[in-house]
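[1] Curious how this folds, go ahead:
(one chain, ligands or ions: 1)
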Amino acid sequence: MRTVIRYFFRFVRLILTPIMLISEKLTTPTAITRSADEQARVDLATSRLALYQFRACPFCIKVRKEIARLGLSIETRDARLNAQHRDALQTDGGRVKVPCLRIQHENGSEEWLYESDAIKSWLQQHFDTV
Ligand SMILES: N[C@@H](CCC(=O)N[C@@H](CS)C(=O)NCC(=O)O)C(=O)O
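    Numbering: from 1, shown residues only. Next up, the predicted model:
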């Protein structure tokens, strides 16, 4: 019975994943524009960020769309397919839940920010008016 349920959910995911990804593509907003200097400053700041995520997670899609709107270049790390990223999220972040933004502060300290709304707010605070 458990195998049947597992395959059922696998099947549902197989159907839903492409639909979600196409919908993400169609509804991703265009990026705000910045001067070359401002964009370079933003790019430097975002090089210290990484988004732990699953490809077809609706909360991750919400964050990815905000990242696109803000014109940010943030490395995405798949915590489902990549065991190393999954382990890092578990060990250093505290739990395997996505999305999670890893923030490397200038003083070298690390912050693992969970919750899509909190991540969106943090990104807006730091990059929406730059
Ligand atoms: N309230 C959270 C929900 C995130 C969530 O439920 N993520 C799912 C994937 S879509 C997850 O990581 N589940 C694993 C778990 O909760 O342990 C948010 O807005 O980020």
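
[2] Can you tell me the SS state at the residue nearest the centre of the chain?
    Nearest to the geometric centre of the chain sits L51, at 4.0 Å (Cα atoms, centre = their mean). Classification of L51 by DSSP: H, G, I helix; E, B strand; the rest coil places it in strand.

[3] List the contacts of it.
    60, 63-64, 67, 74-77, 99-102, 119 (Cβ atoms under 8 Å, 6 or more residues apart in numbering). Any C-beta I mention is one placed from the backbone N, CA and C, and that applies to glycine too.

[4] pLDDT at it, what is it?
    You'll see L51 listed with a pLDDT of 98.

[5] Can you tell me who it pairs with across the strands?
    On the basis of DSSP bridges, L51 is bridged to T76, L101.

[6] Roughly how far does it sit from the ligand?
    11 Å (Cβ to the nearest ligand atom, to the nearest Å).

[7] Please apply the same query to L14.
    16 Å.

[8] How is the residue nearest to A56 when sequence neighbours are not counted assigned, secondary-structure-wise?
    Using Cβ to Cβ, 6 or more residues apart in numbering and skipping the chain neighbours, the partner closest in space to A56 is T17 (4.2 Å). Following three-state DSSP, the label given to T17 is helix.
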